[in-house]
Each structure stands twice: as structure tokens, then as C-alpha cells.
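Asker: for reference, the sequence and a predicted model appear below.
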Amino acid sequence: MKMTMRWFGGDDPVKLERIRQVFGVSGIVSALHDTPVGEVWPYEDLMELKEQINAEGLQFEVVESIPVHEDIKLGLDTRDKYIANYCASIENLGRAGIRTLCYNFMPVFDWTRTNLSHPYADGSHALSFNYEELQKISSGNDLVDALPGWAEVYTPDRFRYLMEAFQGIGQDAMWDNLEYFLKKVIPVAEAAGVKMCIHPDDPPWSILGLPRIIVDEDALLRLVNIIDSPSNGVTLCTGSLGASLSNDLPQMVRKLHRRIHFVHMRNVAVVGPKSFHEAPHLSSMGSVDMFAVMRSLVKCGYSGPIRPDHGRMIWGEIGRPGYGLFDRALGAAYLQGLYEAANKTVSYS
Ligand code: DNO
């Protein structure tokens with residue numbers, strides 16, 4: 001297993017020279033955050049990012065993510081142009097020696113929360129999602145302004161357009177559009193030596209009338225069966241999938257492990273139907289049995305990249321929601337403890 005951490009590039013308040021001090025971390029997960037959605041990721045820019053990472057003695061392991069243009073998810077005529085650009089970006093990743101590409105197929109929003117600063121009794125803060133709160137927010141007029149984290153992504157006009165456009169798209173059409181996309185990009189990824197791995201929808205259920213499809217084991221199995229290729233894989237995100245208690249994470253590992261190319265490992269405390277707080281990584285603080293997931297990964301021989309995921313804000317740190325240094329570093333340390341324990345005991349069980 002390769003322990004990695006996400007880094008948002010030069011503007012990230014968490015610097016690479018700090019990340020390299022987290023013991024065991026050898027890889028970086030990053031992206032070209034300034035390239036507009038739908039455009040080709042230039043090879044030179046990827047190499048520049050890679051060199052910055054290498055200069056700190058770290059490897060550029062994973063791209064997370066090249067965003068999929070909404071026209072592709074909507075199945076519009078313009079999708080072919082964006083898919084061709086996506087293919088060109090994949091080829092550039094391959095040339096730059098970056099072998100893992102995490103992406104998602106969530107309509108309009110990526111991860112969605114109702115509070116970016118949910119207070120814990122110990123004075124720390126974490127992200128949370130509350131179903132009733134979302135209903136309240138969505139009944140207001142300025143949804144995009146009220147939904148934490150999204151006002152910077154969309155102009156009100158673009159947002160309104162997308163919300164309307166997706167009203168005619170059901171789950172079946174989303175699957176068709178995903179299949180169309182995969183049939184074009186996976187052969188290119190295979191030729192480029194790049195493993196794509198879809199990130200589950202977060203949270204794993206439809207929100208605001210938008211169809212979400214990558215929500216459970218059946219969906220992930222359906223996805224990998226669309227094209228039988230090592231380049232058509234999944235990201236196991238325990239926090240996203242774990243928000244739904246019916247998802248059996250160790251079992252998913254057993255069923256999907258040949259196609260798991262990246263692991264996001266964090267805990268989540270389910271506090272009600274479709275409501276959760278992000279929890280510290282430790283199993284006892286949330287609803288995910290982190291050791292059971294790690295043991296399953298070790299038993300299945302998973303050897304790819306893994307990263308701690310969203311952390312709380314602790315010790316007075318102020319930073320990008322979920323992506324401060326301190327709590328993620330604790331997460332990385334904990335995951336490595338679990339890994340060592342699982343590795344040393346797996347042969348006895
Ligand atoms: C949230 C992340 C997601 C993830 C994308 C992958 O913190 O896990 O935003 O990067 O869904 O495409």
C-alpha cells in the first residue's frame with residue numbers, strides 16, 4: 001500500500017514540506033486546479049506539478065480529479081468534444097507517468113454538506129450533512145449561495161440552467177451517459193497505462209432532485225462490468241459509502257478488490273436517516289469499522305495508493321474544509337497502525 005495525501009497545489013495552505021514530515025507518506029494526490037472544466041490538461045503543466053512534488057522527495061501518485069463536463073453527464077451533442085478533450089488529458093497523464101485517475105460522475109455537485117463547521121464537544125470542527133437542513137436550504141431562493149462551498153463554483157445563471165437541465169435526466173439516462181463516456185475513455189486509458197477509478201457519490205443518495213447512481217455495491221459492480229478492463233476501476237471511499245449503513249464495506253472490498261485502484265479511508269458518524277457528521281478516523285468515533293476494512297484490503301492483497309480523507313479542524317488550524325494538515329496526519333498515522341496490525345495478524349485468522 002502506498003500512503004498518500006491530497007495536496008491542492010501552490011495555493012494550498014498546507015505545504016509539501018509539511019506533508020513530507022508525516023511519517024510513511026510517500027505519494028501526493030493532486031490536480032491542475034486552474035484548468036477550466038472541459039479543457040485538455042497540458043502535458044507541460046502536469047510535468048511542472050510533478051517536478052514540484054518530486055523536489056520534495058514525494059511521488060505524484062494520483063490525479064484527483066479531472067472533472068467530467070456536465071454536458072457529458074447530460075448526454076448533450078457537445079459531449080463528444082469534451083470526451084475527446086478528456087481522452088487527450090488521459091494521454092498526457094500517461095506520458096507524464098501518472099498511473100491513477102480518480103473521477104466522479106455526480107450531477108452538478110461533487111461532495112455536498114450542509115455544515116462545513118459542525119462543532120464537536122472537544123472544540124474541534126468537522127463537516128456534516130443533515131437531511132432536514134438540506135430541505136430547509138433547498139426551499140430558499142438562493143440555493144447555490146446557501147449550500148456551503150458551492151457559491152464559488154457556479155454563477156447563479158449557470159447553476160439554474162444545470163438544475164433545470166437535469167430534471168429530465170433519470171437514473172437510467174445517467175447510466176446510459178456514463179456508459180457512453182466509459183466506452184470512449186477506457187480504451188484510451190488502457191493504451192496510456194492509466195487506471196481510472198470512479199469516486200462514489202457523496203452522500204450516496206440522490207439530493208435536490210438530481211439523479212445519483214454510484215451509491216452502493218450493486219452500482220459499483222454494474223460499473224466495472226460495463227467494460228472488463230483494469231483501467232475501469234473504482235475508488236473505495238469509506239466515508240462516502242459508509243454514510244449509508246446498508247453498505248457493507250469489507251464485503252465490497254472482497255467483491256471488487258481487483259478493480260479497486262485507490263482508497264479514501266475516513267470515518268463517518270451516521271446520526272439519523274440520511275444525516276451524518278464526519279468523524280475522526282478512529283473506528284470507535286464513528287460508524288465505520290476501519291480495522292475490518294483494512295483487514296479486508298490486506299487479505300485481498302491491495303497494494304495501491306491510499307489516503308486519509310477529510311479531517312477535522314483541530315489545534316486552531318484554519319484551512320480548506322476537510323483538508324487541514326493536523327487531523328489528516330493523525331489519520332495517516334492511524335491507518336498505518338491498522339495496516340501494520342492487519343498485516344501481522346492476517347495469517348492467523
Ligand atoms: C472530497 C473528495 C471528492 C473527490 C471527487 C473525485 O473531498 O473526496 O471531491 O475528490 O469526488 O472526483
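Answerer: Good, I have the coordinates. Numbers count the residues shown, from 1 in each chain.
Asker: helices or strands next to the worst-scoring helix or strand of the chain on mean pLDDT in the packing?
Answerer: The weakest-scoring helix or strand in the chain, judged by mean pLDDT, DSSP states H and E, is helix 143-146 (a mean of 77). The contact analysis (3 or more Cβ pairs under 8 Å, 6 or more residues apart in numbering; DSSP states H and E) places helix 143-146 against helix 156-165. Where you see a C-beta, it was placed from the backbone N, CA and C, and this is true even at glycine.
Asker: CA atoms only: put stretch 246-255 into CSV for me.
Answerer: Presented in CSV, the C-alpha positions along stretch 246-255 are these (Å, rounded to 0.1, in the frame of the first residue of the first chain):
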residue,chain,number,x,y,z
SER,A,246,-26.6,-0.7,4.4
ASN,A,247,-23.2,-0.6,2.6
ASP,A,248,-21.0,-3.5,3.8
LEU,A,249,-17.6,-2.1,3.2
PRO,A,250,-15.4,-5.2,3.9
GLN,A,251,-17.7,-7.2,1.6
MET,A,252,-17.3,-4.6,-1.1
VAL,A,253,-13.6,-4.9,-0.8
ARG,A,254,-13.8,-8.7,-1.3
LYS,A,255,-16.1,-8.4,-4.3
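Asker: do you know how far the residue lying closest to residue 132 once chain neighbours are set aside is from residue 114?
Answerer: In space, and not counting its chain neighbours, residue 132 is closest to residue 275: 7.6 Å by Cβ to Cβ, 6 or more residues apart in numbering. In this view, residue 275 and residue 114 are 9 Å apart by Cβ to Cβ, to the nearest Å.
Asker: now for these two: what residues contact both?
Answerer: Shared contacts of residue 275 and residue 114 (Cβ atoms under 8 Å, 6 or more residues apart in numbering): 128-130.
Asker: related to what we said a few turns ago, please report how far the residue nearest to residue 132 lies from the ligand.
Answerer: As defined by Cβ to the nearest ligand atom, to the nearest Å, residue 275 lies at a distance of 18 Å from the ligand.
Asker: that residue contacts residue 130, doesn't it?
Answerer: Yes - here residue 275 reaches residue 130: they are 4.8 Å apart, a contact under Cβ atoms under 8 Å.
Asker: rewinding a little: could you pull up the residues touching the residue nearest to residue 132?
Answerer: Shown in contact with residue 275 (Cβ under 8 Å, 6+ apart): 128-132.
Asker: ok, of these, which come out buried?
Answerer: Neighbour-count burial (16 or more other Cβ atoms under 10 Å) is assigned, among the contacts of residue 275, to 128-130.
Asker: you'd agree residue 61 is in a helix?
Answerer: No - membership of residue 61 in a helix is not supported by DSSP: H, G, I helix; E, B strand; the rest coil, which gives strand.
Asker: which residue sits closest to it, ignoring its sequence neighbours?
Answerer: What sits nearest to residue 61 in space, not counting adjacent residues and going by Cβ to Cβ, 6+ apart, is residue 27, at 3.4 Å.
Asker: could you report the neighbour count for that neighbour?
Answerer: 20 (other Cβ atoms under 10 Å).
Asker: do the same with residue 242
Answerer: Residue 242, neighbours per other Cβ under 10 Å, totals 26.
Asker: what's the answer for residue 36, then?
Answerer: Neighbours of residue 36 (other Cβ under 10 Å): 7.
Asker: before we move on, what about residue 134?
Answerer: As a burial measure, residue 134 scores 21 neighbours (other Cβ under 10 Å).
Asker: what's the answer for residue 297, then?
Answerer: The number of residues packed near residue 297 is 26, by other Cβ under 10 Å.
Asker: does the ligand sit close to the helix or strand hosting residue 336?
Answerer: For residue 336, the enclosing helix or strand under DSSP states H and E is helix 326-345. No - using Cβ under 6 Å from any ligand atom, helix 326-345 stays clear of the ligand, coming no nearer than 11.0 Å.
Asker: what parts of the stretch 151-300 of the chain come near the ligand?
Answerer: Checking the stretch 151-300 of the chain against the ligand by Cβ under 6 Å from any ligand atom, the hits are 199, 264.
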